[in-house]
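coordinates for the following, if possible.
(2 chains)
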Amino acid sequence: ETGVTQSPTHLIKTRGQQVTLRCSSQSGHNTVSWYQQALGQGPQFIFQYYREEENGRGNFPPRFSGLQFPNYSSELNVNALELDDSALYLCASSEVRTGTGSGYTFGSGTRLTVV
Amino acid sequence: AQSVSQHNHHVILSEAASLELGCNYSYGGTVNLFWYVQYPGQHLQLLLKYFSGDPLVKGIKGFEAEFIKSKFSFNLRKPSVQWSDTAEYFCAVNLSGNTPLVFGKGTRLSVIA
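Below you'll find the model as predicted:
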């Protein structure tokens, strides 16, 4: 089975710019979640997509937006970048099952630096 | 809102020492519990998970965790650590299969020879 792949691995952007991060889900997974991991912190939930619709959002402003495509790959877009947006952005995919929860598979992340 | 607390920010152990990392969560309902590990420069990997049943869960690489509902705890243990266990460890919780994970801030484990 393929894992979760994210691109690019590293990115440097200037404050005020816009960025798009990409994620390919693990084969068979229909749910994708995005997390922001600041230095020295645990991952913080940004939002989640299930069958191309956003079905959960964390405490992030609207300039963080996303998409999920029919093949379950996903994008995270961040507009008007701020210095505090510098972090590791993680994508996680999972398969929804009835009853007990399934595990999440994480990608290696995109390291975004805003200067 | 749910929250997860990991008591230790940084733990330093000698090889062969026993490990216990604390994790407490705040939510009164039914939860799923996870421990993830992040080796330097690598992605988050699932060590073990608890959904229901036996509260003592065994995971990969000799790790285990015990769910104590009355204490809202899910502590991670390993009887004898190795240098290769040096990593960041994250406890996480969610409410069901399709709800987002809430992570603790992580515990950095350094194992010295």
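
quick check: the residue nearest to the spatial centre of chain A vs A:S73, distance?
Nearest residue to the geometric centre of chain A (Cα atoms, centre = their mean): A:W34, 2.7 Å. Distance of A:W34 to A:S73, given as Cβ to Cβ, to the nearest Å: 12 Å. (Glycine included, C-beta is placed from N, CA and C.)

mutual contacts of those two, please.
The contact sets of A:W34 and A:S73 overlap at A:C23 (Cβ atoms under 8 Å, 6 or more residues apart in numbering or on different chains).

thinking again about what came up before, list the contacts of the residue nearest to the centre of chain A.
A:C23, A:F45, A:I46, A:F47, A:Q48, A:G66, A:S74, A:L76, A:Y89, A:L90, A:C91, A:A92.

just checking, the fourth one touches A:E54?
Yes: with contacts counted by Cβ atoms under 8 Å, A:F47 reaches A:E54, the gap being 5.6 Å.

those two: which is more packed in?
Set A:F47 next to A:E54 and count neighbours by other Cβ atoms under 10 Å in any protein chain shown: A:F47 wins out with 20 against 13.

which non-adjacent residue is nearest that one?
Of all residues not flanking A:F47 in the chain, A:R57 sits nearest, at 4.4 Å (Cβ to Cβ, 6 or more residues apart in numbering or on different chains).

rewinding a little: give the bridge partners for the residue nearest to the centre of chain A, please.
Note on A:W34: beta-bridge partners A:F47, A:C91, judged by DSSP bridges.

just to revisit the earlier point, hey, what's in contact with both of A:F47 and A:E54?
A:G66.

about what we covered before: out of the contacts of A:W34, who's nearest B:H9?
Nearest to B:H9 out of these is A:L90 (Cβ to Cβ; 20.6 Å).

which residue is the nearest non-sequential neighbour of the closest one?
A:Y35 (4.3 Å).

which residues touch the one you found?
For A:Y35, the contact set (Cβ under 8 Å, 6+ apart) comprises A:P43, A:Q44, A:F45, A:I46, A:Y89, A:L90, A:C91, A:A92, B:L101, B:F103.

again, only this time at 6 Å
The contact partners of A:Y35, taken as Cβ atoms under 6 Å, 6 or more residues apart in numbering or on different chains, are A:P43, A:F45, A:L90.

what's the neighbour count on the last one?
What it means is A:L90. Using other Cβ under 10 Å: A:L90 sits among 27 other residues.

quick one: residues contacting the most centrally placed residue in chain B.
The residue lying closest to the centre of chain B (Cα atoms, centre = their mean) is B:W35, at 3.5 Å. By Cβ under 6 Å, 6+ apart, the contact set of B:W35 is B:L47, B:L48, B:A65, B:L76, B:C91.

for the residue nearest to A:L90, give me the pLDDT.
pLDDT recorded at A:Y35 is 97.
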